[in-house]
Every structure is written in structure tokens, then in C-alpha cells.
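**Student:** predicted structure and sequence below. I'll ask about it afterward.
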Amino acid sequence: MQSIQYTVRGVPAELDAELRREARATGKTLNSLVVETLEQAKLPLSTVVHEDLDWFIGALDVEDDFDSALTWLDALPNDAA
């Protein structure tokens, strides 16, 4: 894969310190960490489809739960004077 070289100016000192700290902690070079961070921020998200909660979608009757909650709230004493 062909790579392009960037020069980045105006990096805040706090960001520089955090990137360098993370690079040291993970054993990565500063360059590889910055490239990885840019990739995570800008490349499309994974196309992995999670089907583990498909059974749950639509399983709750939200309308009935909401109506029950409103009925309960309406039954509370009104202390407004």
C-alpha cells in the first residue's frame, strides 16, 4: 500500500503528551499510533453485523409500559398548593 507523508503543525502540548504517553505504554511508535488513531477516527466502521440481540428488538411493548407509567404517575398525590 502506498503511503503519503503528512506534516502536522499546531498540535497542542496536552495532546502531544497524551499521544507520546500512549505510544510508550503500548510499545508503538508515535507515527504508528497517530496513523492508527486517524484510521479509527475516519475510516468506515466495521461491517460486522451483530445478531445477538435481534430476538430482543420489538420484544417489549413500549406503548403499554409507557401508559402504565403515566397511570402510576397520575395516581400519585398532588402536593401542589
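**Tutor:** Received it, and whenever you're ready, just let me know what you need.
**Student:** element containing Val34?
**Tutor:** Per DSSP states H and E, Val34 falls inside helix 30-42.
**Student:** tally of neighbours for Ser32?
**Tutor:** Ser32: 12 surrounding residues under other C-beta atoms under 10 Å. (Glycine included, C-beta is placed from N, CA and C.)
**Student:** nearest residue to it in space, please, no chain neighbours.
**Tutor:** Ala23 (7.8 Å; C-beta to C-beta, 6 or more residues apart in numbering).
**Student:** how far away is the one you found from Gln5?
**Tutor:** Taking C-beta to C-beta, to the nearest Å as the measure, Ala23 falls 18 Å from Gln5.
**Student:** Glu36 against Lys28, yeah?
**Tutor:** Yes. With contact defined as C-beta atoms under 8 Å, Glu36 counts as touching Lys28 (7.5 Å).
**Student:** isn't the residue nearest to Ser32 right up against Glu36?
**Tutor:** No. Contact status for Ala23 versus Glu36: not in contact, 10.0 Å apart, counting by C-beta under 8 Å.
**Student:** the two: who's more crowded?
**Tutor:** Shown here are Ala23 and Glu36; by other C-beta under 10 Å, Ala23 has more neighbours (17 against 14).
**Student:** which strand or helix spans the more buried one?
**Tutor:** Using DSSP H and E, Ala23 falls in helix 13-26.
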